[in-house]
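Engineer: Model the following, please.
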Amino acid sequence: MKLKPLAAGLIAAMAATIAQADINVGVNVSATGPAASLGIPEKNTIALLPTTIAGQKINYIVLDDASDTTTAVKNARKFIGEDKVDVIIGSTITPNSLAMIDVAAEAETPMISMAASARIVDPANPKVKWVFKTPQNDIQMSTAIVESMLKKNVQTVAFIGFADAYGEGWYQEFSKIAELRKLKIVANERYNRTDTSVTGQVLKILATKPDAVLVAGAGTPAALPQKALNEKGYKGAYYQTHGVANMDFMRVCGKDCEGTLLPAGPVLVAAQLPDSNPIKKVAMEYTMKYEAAHGKGSTSTFGAHAWDASILLQNAIPVALKKAQPGSKEFRAALRDALEGLKNVTVSHGIVNMSPQDHLGFDQRARVMVKIENGAWKLQQ
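Structural biologist: From the prediction side, this is the model:
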């Protein structure tokens, strides 16, 4: 039976509407609170992301969790219950990301974290089937730090980190590698992100006379132990984690940061990478776009984590669209599968090869050692 012209036109219009359904992306960042120096560049980066992928309009719904775990969970539930998102990007920090995993898994919605802990994508947890992340694992960065310490003949090291999942994750991974490489940890101290004094912890560290101190913090709060140690006259080597790779940390720490060593994603020193480095082109693209919008020297590795999440989606969405339409359970499942299947995708922090056992997908090309010299980042060869 032939359709009347009007009916045929309506059906064609409906089909076109379905084919052009928007993809909703929920973005949860820590743009205020103790982690603001990490979350603000992430939020800024969202404004630079493509608004169409594979012909589909992308809607970014951005919420701030204020560096608070409860708010992060509330935001995740809003994304799923009210905004009907197809994927979540976030959160900025480890405790909040870990808290959001249950929500993402329950709703069978893919989540791309911008926090560092390996626990976020631990394959031993079946819920992380739905979770991916863009920052390097703490175990990968711990390896870089231990290698650097050994090259500098460090034999004893004191550890001071956040009293949360970030600090604990770092201690667990760093201590394993240190033990294997015969590096003695002589102190293990903790402090809160909101603390204004670490005098007690610093005095305990000084009593052990360590060759080096590793501060496992993130953002501007990571400056506190280093400034306190300098004030008390500590003359050993300082190491920080990739959680401080932004200019806000450098500004707050000031001269107390001089000479500090840390592992970081290649994007932090993109212009210093050799032209033969396959990551340089993508890292420089992000750097130029971000600095065009926010000023020279404003690039941070944290904003690049959001940029990389978008690159993953740009590669996965076209694959998922072949199986289902946005807004459906089937599309979310297809997007999850497509993310897990990504191979040889170059992002600003490294080259991604995902698998069911690895929802980060980085190898050693994803990290470099950097030294703070004269208020700038200096690539270490």
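
Engineer: for the longest helix along the chain, packing partners?
Structural biologist: Assignment by DSSP state H gives helix 301-321 as the longest helix of the chain. For helix 301-321, the packing partners by 3 or more Cβ pairs under 8 Å, 6 or more residues apart in numbering; DSSP states H and E come out as strand 23-29, helix 36-46, strand 52-53, strand 87-90, strand 111-113, helix 280-294, helix 329-340, strand 345-347. For glycine as for every other residue, the C-beta is placed from the backbone atoms N, C-alpha and C.

Engineer: could you give the angle of that helix to helix 280-294?
Structural biologist: Going by axes from the mean of the first three to the mean of the last three Cα atoms, to 10 degrees, helix 301-321 is angled at 110 degrees with respect to helix 280-294.

Engineer: returning to what we had before: nearest to residue 149, out of the helices and strands packed on helix 301-321?
Structural biologist: Closest to residue 149 of those is helix 36-46 (Cβ to Cβ; 25.2 Å).

Engineer: Counting by contacts, list what the closest one packs against.
Structural biologist: strand 23-29, strand 56-64, helix 280-294, helix 301-321.

Engineer: if you set the cut-off to 7 Å instead, what comes out?
Structural biologist: In this structure, helix 36-46 makes packing contacts with strand 23-29, strand 56-64, helix 301-321, judged by 3 or more Cβ pairs under 7 Å, 6 or more residues apart in numbering; DSSP states H and E.

Engineer: would you turn those into JSON lines with mean pLDDT?
Structural biologist: Output for the helices and strands packed on helix 36-46, formatted as JSON lines (pLDDT from 0 to 100):
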{"stretch": "strand 23-29", "mean pLDDT": "98"}
{"stretch": "strand 56-64", "mean pLDDT": "98"}
{"stretch": "helix 301-321", "mean pLDDT": "97"}
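
Engineer: show me where the stretch 151-300 of the chain has strands.
Structural biologist: In the stretch 151-300 of the chain, the strands defined using DSSP state E, counting those that start in this stretch lie at 156-162, 184-191, 212-216, 237-240, 261-264.

Engineer: any chance of those in CSV, with distance to residue 132 too?
Structural biologist: Output for the strands of the stretch 151-300 of the chain, formatted as CSV (distance: least, Cβ to Cβ, whole Å):
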stretch, distance to residue 132
strand 156-162, 23
strand 184-191, 29
strand 212-216, 23
strand 237-240, 26
strand 261-264, 21
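
Engineer: will you turn those into a markdown table that also has mean pLDDT?
Structural biologist: Listed next are the strands of the stretch 151-300 of the chain as a markdown table, based on pLDDT from 0 to 100:
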| stretch | mean pLDDT |
| --- | --- |
| strand 156-162 | 98 |
| strand 184-191 | 98 |
| strand 212-216 | 98 |
| strand 237-240 | 98 |
| strand 261-264 | 96 |
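
Engineer: Can you point out the helix or strand that includes residue 132?
Structural biologist: If you go by DSSP states H and E, residue 132 is part of strand 131-133.

Engineer: Flag the shaky bits of the protein, pLDDT-wise.
Structural biologist: The chain contains residues with pLDDT under 70 at 1-20.

Engineer: Mind doing that once more with 80?
Structural biologist: 1-20, 381 (pLDDT under 80).

Engineer: the helices in the stretch 101-250 of the chain, which residues?
Structural biologist: Using DSSP state H, counting those that start in this stretch, the helices of the stretch 101-250 of the chain run over residues 138-151, 165-180, 199-207, 223-231, 247-253.

Engineer: so which of the ones you listed gets nearest residue 332?
Structural biologist: Comparing these against residue 332 with Cβ to Cβ, the closest turns out to be helix 165-180 (26.3 Å).

Engineer: now the closest one against strand 156-162, angle please.
Structural biologist: 160 degrees.

Engineer: Residue 377: which of the strands of the stretch 151-300 of the chain is closest?
Structural biologist: Nearest to residue 377 among those is strand 261-264; the distance by Cβ to Cβ comes to 7.5 Å.

Engineer: packing partners for that closest one?
Structural biologist: So strand 261-264, by 3+ Cβ pairs under 7 Å, 6+ apart, packs with helix 138-151, strand 237-240, strand 368-373.

Engineer: buried sites along stretch 184-195?
Structural biologist: Within stretch 184-195, the residues that qualify as buried are 185-187, 189-191, 193, counting by 16 or more other Cβ atoms under 10 Å.

Engineer: again with stretch 164-173
Structural biologist: 164-171, 173.

Engineer: Serialize those residues to CSV and add fields for distance to residue 378.
Structural biologist: Formatted as CSV, these follow (distance: Cβ to Cβ, whole Å):
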residue, distance to residue 378
164, 30
165, 31
166, 25
167, 26
168, 30
169, 27
170, 23
171, 27
173, 25
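
Engineer: Okay then, goodbye and thanks.
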